[in-house]
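A.B. asks: Any chance you can model this:
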Amino acid sequence: MSRQVLAATTLSRRGFLAASVLGGAALVACNRSATAPNGAGTTDPIAAAEAARPHTGKTVTARLAPGPADVDLGGTRAQTLAYNNAVPGPMIRANVGDEIAVTVDNGLDHPTSMHWHGLAVRNDMDGAAPATPNVDPGKSFTYRFTSPYPGTYWAHPHTGLDTDYGLYVPVIIDDPAEPGRYDAEWIVMLDDWTSGVGSSPEQIYQGLKSMGGGSGQGPMAGMPGMGGMGQMPGMGGMGDMGHMPGMGGMGQMPGMGGMGSMPGTPGVGGASSSNLLGGDGGDVTYPYYLINGRIPSAATTFTAKPGQRIRIRIINAGADTAFRVALAGHRMTVTHTDGFPVVPTDVDALLLGMGERYDVVVTAGDGVFPLVASAEGKNAVARALLSTATGSAPDAAFRPPELTRLVGTVDTFTATPQVQLPTTSDLALQARLTGTMMAYDWAINGRPYDQTIPLTIQEGQHATLTFTNNTMMWHPMHLHGHTFQVIKADGSPGPRKDTVIVKPMQTVTTRLAADNPGIWMLHCHNAYHMDAGMMTTLNYTG
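C.D. replies: So this is what the prediction gives:
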C-alpha cells in the first residue's frame with residue numbers, strides 16, 4: 001500500500017475530512033483574526049481571549065519546511081521526514097506576550113499541520129482540525145499567536161503518524177521576570193525511532209490492527225506492503241511473546257484477548273512489563289531510542305564547567321515509549337512540569353510519558369556523565385553526555401544506579417501555590433478510556449473519534465475532569481489549549497499538567513478552568529492509540 005493511500009485513510013479515520021468542509025471558512029477566520037491587532041470590542045470569544053493575553057508588541061518569526069530528508073542519527077542514516085532537514089527541527093523561542101509567527105511550507109505529499117503542544121494558544125491556531133485547517137501539499141500557512149505562560153513546550157503535526165517520522169521541534173517560552181538561578185541550559189528531546197531503519201509507522205500501525213482485528217489470528221505475511229512482517233527490521237523479532245520476560249501469562253490478562261499465544265505477531269505488543277506503568281511497557285519495540293536525534297553509540301555531548309547549575313528541559317517526543325531518565329552521579333531538582341512550576345523536589349530519576357515535559361536543575365560534577373533515558377519496559381536506552389572535564393564515558397549500554405533509586409512520577413510533585421487552580425467545581429466531565437490490544441479499538445467513552453460525542457463546557461466554568469482507564473494498557477492523556485491540575489489519590493493538590501499518565505484500571509481526577517474558548521482535542525498521546533480512535537473533543541458552548 002502506498003504512503004499516499006495510507007495517509008489518506010488515516011486522515012479519514014480520524015475525522016480530518018471535517019477540515020476540508022470547514023477549511024474555507026476557517027482559513028478566512030484565521031486570516032481575519034491574525035490581522036486584528038487586539039480584538040477589542042469583538043463578539044468573537046476566541047479573539048477576545050487572545051486580546052486578554054499579554055502582548056509585548058514584539059514579533060518572533062520562523063519558517064519551517066516539513067519534507068523528505070536524509071538524516072544522520074550518528075553513523076546510521078535514515079530516509080525520513082523532518083523540519084528543515086533536521087531532527088529535531090529548529091527551536092522556536094520567544095518571551096511571554098511576544099507574537100509568534102511561524103510559516104509552514106508543506107513539502108510533504110499529503111496535508112500537514114502544526115500543533116503547539118501544551119501552549120494555551122488561540123483555538124484557530126492550535127494546529128488540529130477542525131479548529132485549524134490542514135496545510136495542503138505545496139501550500140504555506142502562517143500560525144500567529146501569543147503565549148500567556150512561560151515554559152517548556154514542543155510542536156508537531158496533528159495529521160496521521162507524521163510525528164513518528166521525526167517531525168517535531170522544541171518550543172521555549174521565557175519569562176524575563178523569572179529569576180535565572182542557573183548558569184547553563186540543556187534542551188533534551190527523547191524519541192523512539194523506526195523511520196528509514198525499520199518498519200514505517202504506517203506498517204507498524206497496520207500490523208497492530210491486523211494482529212488481532214477481533215479475529216484472534218493476525219497473519220500478516222500476505223498483507224500488501226507488509227513484506228513478511230515476521231522478519232521486518234525495526235519490529236524487534238518478537239515472535240513468541242508468551243516466553244518474553246514480563247509477558248508470561250499475558251494470554252490470561254483481562255482485556256488482552258489471548259494475545260500472548262497469538263501466532264504471527266512479531267514486534268507489536270512486545271514490550272516487557274513495567275511496574276511504574278502498571279503492566280505492559282508499550283505496543284512497539286523500536287530499533288533505536290534517541291536523544292536529540294542521536295543513537296546511544298554516537299551520543300550528543302553537552303559541555304559545562306564543574307559546579308555550574310544546569311537547567312535541563314526534558315521533552316518526550318516519542319510515539320509509544322515512556323522514558324525513565326537519570327543523570328549518572330547526580331540528583332535532579334525538579335522545578336517545572338509541562339511548563340508550570342512545582343515545589344522544588346529532589347529525585348534520582350524521572351518518568352516521562354509521551355508528550356510530557358519536566359524541567360530539572362543539577363549541579364554539575366567533575367567528569368563525563370551519561371544522561372540515560374531508559375525505554376521503560378523495553379530493555380533499551382537512549383543517552384547523551386554531560387562533560388565537564390577530560391575523561392571517557394561508560395559503555396553505551398551503561399545504566400546508572402540512579403535509575404533504580406527514587407523515581408519521580410506525577411504523584412511526587414505539587415504545583416506551587418501561585419499556579420494552583422480553584423477547588424470549586426461547576427461541572428463533572430468524564431473521559432472513560434476503553435479498548436483492547438486484541439481488536440486495537442481504542443476509544444473514549446466507548447466511541448472512536450469518528451463517532452465521538454464531545455464533552456461540553458462553558459467559558460468561565462470550573463470542571464472536574466476524571467480519566468477512568470478501563471483497559472489493561474497505560475495511556476498518556478493530553479488536552480489541547482489548557483492545563484489541568486492533577487488531584488492526588490489522597491485528595492491533595494498535585495501538579496499542573498496538560499499530559500498525564502493514566503495506568504491500567506486507574507482513575508485520575510483533575511481540575512480544569514474553562515478559560516480558552518473553542519473546540520479542543522482530548523486524546524491519548526500514544527500515536528497508535530490516537531490514530532485508532534482514542535480521541536474526543538472538549539467543546540465550548542453558549
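
A.B. asks: wouldn't L371 be in contact with V325 here?
C.D. replies: Yes: here L371 reaches V325: they are 7.1 Å apart, a contact under C-beta atoms under 8 Å. From N, CA and C alone the C-beta is placed, and that goes for glycine too.

A.B. asks: Between the two, which contacts overlap?
C.D. replies: Residues touching both L371 and V325 (C-beta atoms under 8 Å, 6 or more residues apart in numbering): V188.

A.B. asks: Compare those two and say which is more crowded by neighbours.
C.D. replies: V325 (29 against 24; other C-beta atoms under 10 Å).

A.B. asks: Mind telling me what element the more buried one is part of?
C.D. replies: Using DSSP states H and E, V325 falls within strand 323-327.

A.B. asks: For that strand, which helices and strands make contact with it?
C.D. replies: strand 184-193, strand 309-316, strand 349-352, strand 368-375 (3 or more C-beta pairs under 8 Å, 6 or more residues apart in numbering; DSSP states H and E).

A.B. asks: Could you give the average pLDDT over whatever helix or strand comes next after the longest one?
C.D. replies: Elements were assigned by DSSP H and E; along the chain past strand 184-193, the next helix or strand is helix 201-211. pLDDT averaged over helix 201-211 equals 94, rounded to a whole number.

A.B. asks: circling back: could you dump the helices and strands packed on strand 323-327 into JSON lines with distance to T434 added?
C.D. replies: Shown next, in JSON lines, are those (distance: least, C-beta to C-beta, whole Å):
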{"stretch": "strand 184-193", "distance to T434": "25"}
{"stretch": "strand 309-316", "distance to T434": "24"}
{"stretch": "strand 349-352", "distance to T434": "24"}
{"stretch": "strand 368-375", "distance to T434": "26"}
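
A.B. asks: Dump these into CSV; add mean pLDDT as well.
C.D. replies: Shown next, in CSV, are the helices and strands packed on strand 323-327 (pLDDT from 0 to 100):
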stretch, mean pLDDT
strand 184-193, 98
strand 309-316, 99
strand 349-352, 99
strand 368-375, 98
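
A.B. asks: still on that earlier bit, just checking: what are the partner strands of whatever helix or strand comes next after the strand holding V325?
C.D. replies: Once the chain leaves strand 323-327, the next helix or strand it forms, by DSSP H and E, is strand 332-337. When pairing is defined by DSSP bridges, strand 332-337 lines up against strand 340-347 (antiparallel), strand 357-363 (antiparallel).

A.B. asks: Can you verify D124 is assigned to a strand?
C.D. replies: No: assigned with DSSP: H, G, I helix; E, B strand; the rest coil, D124 falls outside any strand and is helix.

A.B. asks: quick one: what helix or strand has T152 in it?
C.D. replies: Per DSSP H and E: T152 is located in strand 151-156.

A.B. asks: That strand packs against which elements?
C.D. replies: Using 3+ C-beta pairs under 8 Å, 6+ apart as the contact test, the elements touching strand 151-156 are strand 115-117, strand 169-174, strand 309-316, strand 357-363.

A.B. asks: Determine which of those approaches S274 most closely.
C.D. replies: Evaluated over those, closeness to S274 peaks at strand 309-316, with 14.7 Å, by C-beta to C-beta.

A.B. asks: Partner strands of the closest one and their direction?
C.D. replies: strand 184-193 (parallel), strand 357-363 (antiparallel).

A.B. asks: and of those, who's closest to R93?
C.D. replies: strand 184-193 (9.8 Å).

A.B. asks: Kindly calculate the angle that the closest one makes with strand 151-156.
C.D. replies: With axes from the mean of the first three to the mean of the last three C-alpha atoms, to 10 degrees as the basis, strand 184-193 and strand 151-156 are set at 30 degrees to each other.

A.B. asks: so how far is P493 from P417?
C.D. replies: 9 Å (C-beta to C-beta, to the nearest Å).

A.B. asks: Neighbour count for the two, which is higher?
C.D. replies: P493 (16 against 9).

A.B. asks: got a list of what the residue nearest in space to the middle of the chain touches?
C.D. replies: Closest to where the C-alpha atoms of the chain average out (C-alpha atoms, centre = their mean) is G355, at 2.4 Å. When contacts are counted by C-beta under 8 Å, 6+ apart, G355 touches 117-118, 316, 476, 478, 498-499, 525.

A.B. asks: By neighbours, which of these wins?
C.D. replies: Comparing these by number of neighbours (other C-beta under 10 Å), G118 comes first, having 31 neighbours.

A.B. asks: can you put the strands paired with strand 309-316 in TSV and add mean neighbour count and distance to V347?
C.D. replies: Supplementary listing: the strands paired with strand 309-316 in TSV, determined by neighbours: other C-beta atoms under 10 Å; distance: least, C-beta to C-beta, whole Å:
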stretch	mean neighbour count	distance to V347
strand 184-193	22	16
strand 357-363	22	8
